[in-house]
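Asks: Everything below, folded, please.
(one chain, ligands or ions: 1)
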Amino acid sequence: MENNHGVRLVWQQKDKGAAIETPIIIQEREHIFANPLNAQQLFDQIIDPAATEKIQNTGRLIQGNNLDVLKLLRDEGYEGKIDLIYIDPPYLSESRYSSRIKLGDKDNYQIFERLVFKDEGEESLDSYLDELYLCMQLMKQLLSSRGSIFVHIDWHISHYVRVILDEVFGSKNFINEIVWCYGGGSGTRKHFHRKHDLIFWYSRSEDYIFNPQYRPYSPKTIERGLTRVKGDKYNLNTEGALMQDWWTDINKILSPTAYENLKFPTQKPLALLKRIVAAASSTDSIVADFFSGSGTTAAACEEMERQWIICDNSPIAANTTIQRLVKMQARPFIFDVVNREYPEPGTSGNFEATVVTRVHSEQYRRVDIEITSYSTVNQKIETFEPDISFKSLIEFWEIDFDYQEKGFYSQVQVVREKVQWDDSLPVVATILIPYQESGSIAMKVYDIFGDSCTRIFTY
Ligand SMILES: C[S@@+](CC[C@H](N)C(=O)[O-])C[C@H]1O[C@@H](n2cnc3c(N)ncnc32)[C@H](O)[C@@H]1O
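Replies: Numbers count the residues shown, from 1 in each chain. This next block holds a predicted model:
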């Protein structure tokens, strides 16, 4: 225990966790080279699969339970290698986080409630604390000596989490309790509207990375200047005023039409993550998030050129993240699935496609692709309206033009331009690839339930 006062929180399961270590297996690995093609670009593009193979990955998205993923990373040698961990776990808020999605087009559609994750209520406090406690211990092992952890939480559970953080990281390593304030409506007349979250910052040592952040001076300060009040040696800082621990300048993503809104419940603003990444990491840092949701931490790291590792056990979170990173043309990254919990039994998708290749010239082979159907026996939605297009069920799809045993190399991704589940997804493509006598082309289709299906075509 890091605390020297000996005070610690106790719950029933504490320290009774089974020490049995199950092997952590990477069941699927995909290399993604962001190349989102729109309907026009899918015709007569030239793709050279060999060009992508040697490129270094800078990110890794892992679909799996975070305890498994943390053990996997520890066993892979990441101990002491990560400079910044941000986590935004469920808050024990007793809620079902889902998004209502509309399948079909504006005249003919079906509404479907897509569950992303379930947040338990107070009756699960014991197991909630236990899992978080185990996670924190593993996260501590992965942090570098200059590293920090930022734990994003709200009033439901913050009081317990703070005590556990004191125990695991040591109260002397507490740096800040950041209060993130936001707006938005609430109908209650029973108490003040709850409009802030807490972000606890703990470091691994006294020598932690911190790059001060600045906020604009208020118009009054600029008008007055500091010189008249404090004397000549105090000039206004060109970067602005030093940032306090309460942040009011970043709002929640409230508007359903906001550019940033990925229709992922609990999605955090990119600006919030960029501030944390900027403050507590360097350009050569590895940044991690073990409850990554829609991938906001990875998106911030892409914009700020940090390496990243993120994980979530929800396949919908993984799908949302892949599309997000593809659309922002992220640097190449890996997508791993470990100890798969999904799809649940009884869920499975399947697609039919035609892939025809012919000699185009001495240099190129022409590949004509068309997805002709997608079907699923997913039991979460009982029946589909018969005339809802199969395209609505597909979230996005990818192509590897030189598929080999070493795994799926996604060189082209076909995504919708907007976040919607209509039939606007292109399903036809004509691509030129460097000529070779024979080979294999693989296609991978992800559906709206988080399921995916791969098919290989040889020529
Ligand atoms: C509050 S959300 C994170 C939102 C994220 N910060 C964003 O900006 O989109 C919490 C996420 O934790 C994931 N999660 C919950 N328990 C998990 C576990 N044991 N392992 C991995 N992910 C988990 C959920 O699927 C959910 O996506």
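
Asks: make it CA atoms for all contacts and neighbour counts henceforth
Replies: Will do.

Asks: got the domain boundaries for the chain?
Replies: Using automatic domain parsing, the domain ranges for the chain come out as 58-331, 349-458.

Asks: can you tell if the longest one touches the ligand?
Replies: Okay, so that is domain 58-331. Yes - counting by Cα under 6 Å from any ligand atom, contacts between domain 58-331 and the ligand involve 64-66, 88-90, 117, 266-268, 291-296, 311-314, 317.

Asks: The domains of the chain: lowest mean pLDDT?
Replies: Among these, domain 349-458 has the lowest mean pLDDT, at a mean of 88.

Asks: how far does that domain sit from the chain's center?
Replies: Averaging C-alpha coordinates over domain 349-458 and over its chain gives two centres that are 23 Å apart (Cα atoms, centre = their mean, to the nearest Å).

Asks: ok, and what's touching stretch 403-418?
Replies: Residues from elsewhere that reach stretch 403-418 (Cα atoms under 8 Å, 6 or more residues apart in numbering): 28-38, 47, 49, 52-53, 323, 326, 395-401, 424-426, 439-442, 456.

Asks: At which residues are the helices of the stretch 301-450 of the chain located?
Replies: Taking DSSP state H, counting those that start in this stretch as the criterion, the stretch 301-450 of the chain carries its helices at 315-327.

Asks: Nearest to the ligand: which residue in it?
Replies: Using Cα to the nearest ligand atom, Asp312 is the residue of the stretch 301-450 of the chain that sits closest to the ligand, at 3.6 Å.

Asks: Make sure that residue is actually in contact with Leu67.
Replies: No - counting by Cα atoms under 8 Å, Asp312 stays clear of Leu67, with 10.5 Å between them.

Asks: ok, the two, which is more surrounded?
Replies: Between Asp312 and Leu67, Asp312 has the larger neighbour count (other Cα atoms under 10 Å), namely 24 against 17.

Asks: give me the beta-bridge partners of the more buried one?
Replies: Beta-bridge pairing for Asp312 (DSSP bridges): Gln63.

Asks: do Val359 as well
Replies: Here Val359 sits in beta bridges with Arg365, going by DSSP bridges.

Asks: ok, it touching Arg366?
Replies: Yes - under the criterion of Cα under 8 Å, Val359 makes contact with Arg366 at 6.1 Å.

Asks: More neighbours: which of these two?
Replies: When Val359 and Arg366 are compared for neighbours, Arg366 comes out ahead with 20 against 15, by other Cα under 10 Å.

Asks: coming back round to it: quick one, what contacts the residue of the stretch 301-450 of the chain closest to the ligand?
Replies: Taking Cα under 8 Å, 6+ apart, one finds Ile62, Gln63, Gly64, Asn65, Asn66, Phe290, Phe291, Ser292, Gly293, Ala318 in contact with Asp312.

Asks: Could you point out the longest helix of this protein?
Replies: Counting by DSSP state H, the longest helix found in the chain is helix 125-142.

Asks: Would you map the helices across the stretch 51-200 of the chain?
Replies: Going by DSSP H, counting those that start in this stretch, the stretch 51-200 of the chain shows helices at 66-75, 125-142, 158-169.

Asks: Dump the ones you listed to a markdown table, plus distance to Lys14.
Replies: A markdown table is the format used below for these (distance: least, Cα to Cα, whole Å):
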| stretch | distance to Lys14 |
| --- | --- |
| helix 66-75 | 16 |
| helix 125-142 | 6 |
| helix 158-169 | 11 |
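
Asks: for those helices, which one sits closest to Phe112?
Replies: Judged by Cα to Cα, the one of those that comes nearest to Phe112 is helix 66-75, at 28.1 Å.

Asks: Residues contacting the closest one, please?
Replies: Contacts of helix 66-75 (Cα under 8 Å, 6+ apart): 24, 62, 79, 131, 134-135, 138-139, 141-142, 290-291, 311-313, 338-339.

Asks: please redo it, this time with the cut-off set to 6 Å
Replies: Cys135, Phe290 (Cα atoms under 6 Å, 6 or more residues apart in numbering).

Asks: Run the chain-centre distance for that helix.
Replies: That offset, for helix 66-75, works out to 17 Å (Cα atoms, centre = their mean).

Asks: CA atoms only: put it into PDB for me.
Replies: The C-alpha trace of helix 66-75 is given here as PDB (Å, rounded to 0.1, in the frame of the first residue of the first chain):
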ATOM      1  CA  ASN A  66      -9.500  -4.400 -20.000                       C
ATOM      2  CA  LEU A  67      -8.200  -6.800 -17.300                       C
ATOM      3  CA  ASP A  68      -7.200  -9.200 -20.000                       C
ATOM      4  CA  VAL A  69      -5.700  -6.500 -22.200                       C
ATOM      5  CA  LEU A  70      -3.700  -5.100 -19.300                       C
ATOM      6  CA  LYS A  71      -2.200  -8.500 -18.600                       C
ATOM      7  CA  LEU A  72      -1.500  -9.000 -22.200                       C
ATOM      8  CA  LEU A  73       0.400  -5.700 -22.400                       C
ATOM      9  CA  ARG A  74       2.300  -6.500 -19.200                       C
ATOM     10  CA  ASP A  75       3.300  -9.800 -20.700                       C
END
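
Asks: Can you check what angle separates that helix from helix 125-142?
Replies: Relative orientation of helix 66-75 versus helix 125-142 (axes from the mean of the first three to the mean of the last three Cα atoms, to 10 degrees): 20 degrees.

Asks: Is there a neighbour count for Leu143? I'd like the number.
Replies: By the measure other Cα under 10 Å, the count of residues near Leu143 is 24.

Asks: thought it was touching Gly80?
Replies: Yes - applying Cα atoms under 6 Å, one finds Leu143 in contact with Gly80, separated by 4.8 Å.

Asks: what about the nearest residue to Phe401 once chain neighbours are set aside, distance to Phe408?
Replies: Distances taken as Cα to Cα, 6 or more residues apart in numbering put Ile441 closest to Phe401, at 4.7 Å, once the chain neighbours are dropped. Distance, Ile441 to Phe408, by Cα to Cα, to the nearest Å: 10 Å.

Asks: who's more crowded, those two?
Replies: A count of neighbours by other Cα under 10 Å puts Phe408 above the other of Ile441 and Phe408, at 24 against 19.

Asks: can you pull the contacts of the residue of the stretch 101-250 of the chain found nearest the ligand?
Replies: Per Cα to the nearest ligand atom, Phe117 is where the stretch 101-250 of the chain lies closest to the ligand, at 5.0 Å. Phe117 makes contacts with Tyr97, as judged by Cα under 6 Å, 6+ apart.

Asks: From the structure, what's the count of residues near the spatially closest residue to Thr320 that is not a sequence neighbour?
Replies: Nearest residue to Thr320 in three dimensions, chain neighbours excluded: Ser294, at 5.5 Å (Cα to Cα, 6+ apart). Number of residues near Ser294 (other Cα under 10 Å) recorded here: 28.
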